[in-house]
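J.: compute the structure for the input listed below.
(one chain, ligands or ions: 1)
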Amino acid sequence: MELGNGDKFIFDIGDGSVERMFALQIPTAFLDKVFIGHLHGDHFGDIGSLYVAGGIAGRFTPLRIWGPSGAKPELGTRAAIEAMEKMFAWDVAGRLGQTDVRGFATEIHKFDYKKEQIVFNENGVVIRSFPAIDGSVSYSLEWNGLKVVFGSDTFPNKWFIQNAQNADLAIHECFIAVPDMMAKFRSTPEAALQVGTKIHTAPEAFGKVMSMVKPRHAVAYHFWKDVDTTPRVLESVRSTYDGPLSLAEDDMVWNVSKEGIRERMTFFDEHSVNPPLAYAAEPVSAEDRVGYSPEIEAGRLDMRDVLEPIYKKASKALGREFEYPTK
Ligand SMILES: [Zn+2]
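T.: Sure thing, here's the model as predicted:
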């Protein structure tokens, strides 16, 4: 979510999210706030990519992460993020003294998933969390008289109805229809019925939720938006809801203002790489380098004749002396 003042907030960061965000070419220094609805891979699986790639690509401050507690401490956001940092221990160690690693740190804000509460209140932006299912929360963001509600994974519940009142944009999950789950994923009828109606939100139920909330604009997301699934999702939603609606897909954008809400598609370069840096990196100290073991260093080929000229050229071009390092 990007506010009119440029402030940015990430709600859920499932697998593949970082590639999509990088394609938008937003400097990672501005992508430092992540609000996780719950700890399913399709909702937070790319947090490690933002942690590492964001740190390399110019976020020189800790990655700030908000997320729910779990039924047990080891199932909560803090345990998950601390484990992620441990997972990247080698990654970070190898970068010491090579690149600016100030961004390889986290600031974790864990909160009780069973409570309705304000979890963020800065610069006139108020973000609330409220229960969805056990260990899973939904969020609302209010700023400048506008309100967006984001459900993450949830079955229809009373907290969403209450917290989505007066929402300009209400984003709620909407699963594909049960017959299509059986056809497309070869689910057993029992599994399709259970997952499609009790664990997740069936399209008919999504429509009923939106009829109760009556947002300025409703967004159905989280279903496989394919040519063979979309017609039945739309038909089922329309059996219970007739208000403004988007069937979300990747790279869809909503411009929300007092005047109106406009659905658009992002235009981006699929082949883009890392976004430009917002700030210059700080110089690092060679002293911090871990270096290589004698056995591995002994295997290095002597390339001094071709590498040393690179240092000479850089020295000449930049008017400073760069010496070919011994390690
Ligand atoms: Zn999900």
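J.: give me the number of residues near the nearest residue to Asp269 once chain neighbours are set aside?
T.: Leaving aside its chain neighbours, Asp269 sits nearest to Ala23 (6.6 Å; criterion: CB to CB, 6 or more residues apart in numbering). Bear in mind the C-beta positions are built from the backbone N, C-alpha and C, glycine included. Neighbourhood size, Ala23 [other CB atoms under 10 Å]: 17.
J.: what ranges do the helices span in the stretch 151-300 of the chain?
T.: For the stretch 151-300 of the chain, the helices defined by DSSP state H, counting those that start in this stretch cover 158-163, 178-185, 189-193, 203-213, 230-238, 294-297.
J.: tell me the most buried of those helices?
T.: helix 203-213 (a mean of 21; mean count of other CB atoms under 10 Å).
J.: which residues of the stretch 1-150 of the chain lie near the ion?
T.: Contacts of the stretch 1-150 of the chain with the ion, taken as CB under 5 Å from the ion, map to Asp42.
J.: shaky segments in the stretch 1-150 of the chain?
T.: Within the stretch 1-150 of the chain, not a single segment meets pLDDT under 70.
J.: quick one: Ser140 is in a strand?
T.: Yes. Assessed with DSSP: H, G, I helix; E, B strand; the rest coil, Ser140 lies in a strand.
J.: quick check: it vs the ion, distance?
T.: Noted for Ser140: a distance of 19 Å to the ion, by CB to the ion, to the nearest Å.
J.: right, and that residue touches Lys147 too?
T.: Yes. Taking contacts as CB atoms under 8 Å, Ser140 lies within contact range of Lys147: 6.2 Å.
J.: which neighbours do these two have in common?
T.: Counting by CB atoms under 8 Å, 6 or more residues apart in numbering, the contacts common to Ser140 and Lys147 are Ala167.
J.: list the residues that contact the nearest residue to Val18 once chain neighbours are set aside.
T.: In space, and not counting its chain neighbours, Val18 is closest to Ser49: 4.0 Å by CB to CB, 6+ apart. Ser49 is in contact with Ser17, Val18, Glu19, counting by CB under 8 Å, 6+ apart.
J.: for the residue in the chain positioned nearest to the ion, grab the count of nearby residues.
T.: Proximity of the chain to the ion (CB to the ion) peaks at Asp153, 4.0 Å away. The number of residues packed near Asp153 is 22, by other CB under 10 Å.
J.: ok, back up a step: closest one to Asn121 among the helices of the stretch 151-300 of the chain?
T.: With CB to CB as the measure, helix 158-163 is the member of the helices of the stretch 151-300 of the chain nearest Asn121 (15.8 Å).
J.: over to the residue nearest to Asp269: give its phi and psi.
T.: phi -60, psi -30 (degrees, to the nearest 10).
J.: centroid-nearest residue for this structure?
T.: Ile13 (2.3 Å; CA atoms, centre = their mean).
J.: chain neighbours aside, what residue packs nearest to the residue of the chain closest to the ion?
T.: Ser136 (5.4 Å).
J.: ok, that neighbour - contacts?
T.: Gly37, His38, Pro68, Tyr113, Ser152, Asp153, Thr154.
J.: please name the nearest non-neighbouring residue to the fifth one.
T.: Nearest residue to Ser152, sequence neighbours excluded (CB to CB, 6+ apart): Gly37, at 2.5 Å.
J.: so the one you found sits against Ile13, correct?
T.: No. Assessed by CB under 8 Å, Gly37 is found out of contact with Ile13, at 10.0 Å.
J.: SS state for the closest residue to Gly41 other than its chain neighbours?
T.: With sequence-adjacent residues excluded and distances taken as CB to CB, 6+ apart, Gly41 is closest to Asp15, at 6.1 Å. Recorded secondary structure, Asp15: coil (three-state DSSP).
J.: and Asp15, what does it touch?
T.: Contacts of Asp15 (CB under 8 Å, 6+ apart): Gly41, Asp42, Gly45, Asp46.
J.: that one and His172, how far apart?
T.: Remark: distance between Asp15 and His172 (CB to CB, to the nearest Å) = 21 Å.
J.: still on that earlier bit, list just the nearest of the contacts of Ser49 to Asp91.
T.: Among these, and counting by CB to CB, the member closest to Asp91 is Val18, at 14.9 Å.
J.: helix or strand for Phe120, which one?
T.: strand 117-122 (DSSP states H and E).
J.: partners of that strand in the sheet?
T.: Sheet pairing here is set by DSSP bridges, and for strand 117-122 it gives strand 125-133 (antiparallel).
J.: the ion contacts on the stretch 151-300 of the chain?
T.: Applying CB under 5 Å from the ion, we find that the stretch 151-300 of the chain lies next to the ion at Asp153.
J.: so the closest residue to Thr77 other than its chain neighbours bridges to which residues?
T.: Among residues not flanking Thr77 along the chain, Gly67 sits closest, at 3.0 Å (CB to CB, 6+ apart). Beta-bridge pairing of Gly67 under DSSP bridges involves Lys110.
J.: okay, now Gly67: neighbour count?
T.: 30.
J.: what sits against it?
T.: 35-39, 44, 76-77, 80-81, 108-111.
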